[in-house]
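# Could you work out the structure for the sequence below:
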Amino acid sequence: MNMKKKWKSILMAAGIAFFTALLPAGQVNAQETLKLPSDWALVDSQMAYYYDLIDDNDWGNFSENISKEALEKLCLNLYQSLKSQCDEDNIPEFTENISETDQINRRMVCVALYRALEASMPDVDFDAPVEHKALYKSQLSDAVYAMTYRGVLSSLDLKDLNLEDKASREMAYVLSARLYETAKKMTDEVSEGTFYKVTKGNKSMYILGTMHLLQAKSYPFQEDIYKAFDEAEKLVVELDLSDQEGLNYFTTRQFYQGEESLKNHLSESLYNELKEKIVSMNLDPEVYMKLKPWAMNLFLQTQLTESPATETIMGPDMYFVARNLGKKEVVELEGWEFQTDLFNDSDEKMQIDMLKDILETADEKSDESKEDMTKIQEAREDMLTAWENGEAYELEMMISSPKMEASRGEFEREFWDKRNINMAEKIEQYFEDESEDDYFVLFGAGHLYGSTGVIETLEAKGYKFKQIK
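Predicted coordinates for the structure are as follows:
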């Protein structure tokens, strides 16, 4: 399999939203109930973990009162994450005004975390202006003024802030993530994304071409992306990742049922080679060898092309669906059934041939395979960097150059061209919506570009696209 074909198969995995559900072993055969924060704290707490503000052994007990020791550790992690160079012998203490017997309240958490923020970036002015401070009748700390001004604390009403109430661990985690993101935004360390304002006549909407999986360094995004989400009444995604019924449809179709498994569909040598690879990944073959070839392909492409330096986390699609918490109507461009059937109904011989190619690429004993794997990992990193920098042309050449379009086979044309046309038609329907609701539309960035891409298709019909960077 040449490098062009290998890269095209990776692009197909990255170009479909449901492959974010094909996660490592624990997701398929979890032995423990997941420990999760409250709904209101879920996304920000998860981001705090991604930003390395929360250690593994501190994940849990979210509703309990945070201790001085835990708060000091959180402040230290925030400080070290933002500080360009840390002098290990000269790190300040952030909770020195708190005694060991104090019950930590919200005000104390605000003050301690703000100290860490200011100490980490002394050249950045995080303080609130006098005009903002004048909105309050009571004298408050600089930390609270700054956090309300920067949107870290969302209320101007002191009663709503409840500053003297005890502070839970999850509340502290949320504030740490928001302060981290505030610092990144103020120093312009954000991802631009492939983000567009689309207009026709007197109507407009915002479209974000996404990467379905990102890295922690990809967050936060430019402020206009969050603003588009906040102001929209309808959130449009390829599929609703919170739709349990749709997830069940996908799950039941990615696995063989009953006694059937890959053993019934692969040659003995290919089956044994695959089983050996699954065991080498410390996965349970009893579970994974019941995946259908297309599902196994997507899973392996995700896992084998990832390195410790490029560990992936949720992309904008999953992030904004999780952040929504049912506040906005979620509209599906395609849905679980459409994306699942696209692969499940594809030719089985093609699926098996692709599986052979993936295992060939993943052969750790072959120097050629190692070289190919390195090139694929570098190409994935280049594509992510282009997205982070908002480099639309560079991204288009990686995904939908004229040469790549000309070499597409029947399934690839189904995967890209027909889906592109369908997405463009849906967007036209949203423009015709008489409700005058604002739409925030997210789908894979690959569908924006090329001769059948959403941009070229709609521009030919009079729509105007302006990239926002």
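# what's the host helix or strand of Ile427 in contact with?
Using DSSP states H and E, Ile427 maps to helix 419-431. Contacts of helix 419-431 with the rest of the structure, by CB atoms under 8 Å, 6 or more residues apart in numbering, involve 198, 200, 203, 205, 207, 234, 236, 331, 333-334, 439, 441, 443, 447, 450, 452-454, 457-458, 461, 463. Just so you know, the C-beta spots here come from the backbone N, C-alpha and C atoms, and that holds for glycine as well.
# so of those, which ones are in helices?
Members of these lying in helices (criterion: DSSP state H): 454, 457-458.
# Tabulate those (TSV), appending distance to Ala70, pLDDT and neighbour count.
Output for those, formatted as TSV (distance: CB to CB, whole Å; pLDDT from 0 to 100; neighbours: other CB atoms under 10 Å):
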residue	distance to Ala70	pLDDT	neighbour count
Val454	47	97	28
Thr457	53	97	19
Leu458	51	98	21
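# And the spatially most central residue of the chain, how close does it get to Asp230?
Residue closest to the mean C-alpha point of the chain, counted by CA atoms, centre = their mean, is Gly315 at 1.8 Å. Per CB to CB, to the nearest Å, Gly315 is found 19 Å from Asp230.
# Ok, Phe431 next?
With the distance defined as CB to CB, Phe431 ends up 21 Å from Asp230.
# any weak-confidence spans in the stretch 251-400 of the chain?
Low-confidence segments of the stretch 251-400 of the chain, defined by pLDDT under 70: 304-310, 363-370, 372-373.
# where do the helices sit along it?
In the stretch 251-400 of the chain, the segments counted as helices under DSSP state H, counting those that start in this stretch are 268-280, 285-288, 293-304, 316-324, 336-344, 348-361, 367-388, 392-399.
# what does the stretch 51-200 of the chain give?
All helices of the stretch 51-200 of the chain, identified by DSSP H, counting those that start in this stretch, fall at 68-82, 106-120, 130-133, 142-149, 158-161, 169-186.
# Out of the ones you listed, name the one with the poorest average pLDDT.
Mean pLDDT is lowest for helix 158-161 among the helices of the stretch 51-200 of the chain, at a mean of 73.
# Phe431 and Asp230 - which one has more neighbours?
Using other CB atoms under 10 Å as the criterion, Phe431 and Asp230 rank with Phe431 on top: 16 against 11.
# Show the model's pLDDT score for that one.
96.
# now that we're looking at it, how far away is Val237 from it?
Counting by CB to CB, the gap from Phe431 to Val237 is 18 Å.
# go on, Cys110?
From Cys110 to Val237 the distance is 34 Å (CB to CB).
# more crowded one of the two?
Shown here are Cys110 and Val237; by other CB under 10 Å, Cys110 has more neighbours (28 against 25).
# Would you confirm that that one contacts Leu175?
Yes - Cys110 is within contact range of Leu175, at 6.8 Å (criterion: CB atoms under 8 Å).
# list residues touching both of these two?
Contact criterion CB under 8 Å, 6+ apart; residues shared by Cys110 and Leu175: 147, 153.
# burial measure for Asp243, as a count.
Asp243, neighbours per other CB under 10 Å, totals 16.
# What sits closest to it if chain neighbours are left out?
Closest residue to Asp243 apart from its sequence neighbours, by CB to CB, 6 or more residues apart in numbering: Trp336 at 6.4 Å.
# tell me the contacts of the one you found?
18, 239-240, 243, 246-247, 249-250.
# one more time with 7 Å
18, 239, 243, 246-247, 249-250 (CB atoms under 7 Å, 6 or more residues apart in numbering).
# same question, Leu175
If you count contacts by CB under 7 Å, 6+ apart, then Leu175 has 109-110, 113, 152 around it.
# try Met171
Residues in contact with Met171 (CB under 7 Å, 6+ apart) are 106, 109.
# Against Leu247, how distant is it?
From Met171 over to Leu247 the distance is 30 Å, taken as CB to CB.
# Phe255 too?
Taking CB to CB, one finds Phe255 at 13 Å from Leu247.
# Check Tyr79 too.
Counting by CB to CB - Tyr79 and Leu247 are separated by 39 Å.
# repeat for Ala183
In terms of CB to CB, Ala183 sits 35 Å off from Leu247.
# out of the two, which sits in the busier spot?
Shown here are Ala183 and Leu247; by other CB under 10 Å, Ala183 has more neighbours (21 against 17).
# pretty sure the more buried one is touching Ser84, no?
No - counting by CB atoms under 7 Å, Ala183 stays clear of Ser84, with 11.7 Å between them.
# re the thing from before, pull out the buried positions in the helix holding Ile427.
Of the residues in helix 419-431, 419-420, 423-424, 426-427, 430-431 count as buried by neighbour count, 16 or more other CB atoms under 10 Å.
# now swap in stretch 445-465 and tell me
By neighbour count on 16+ other CB under 10 Å, the buried set for stretch 445-465 is 445-450, 452-458, 463, 465.
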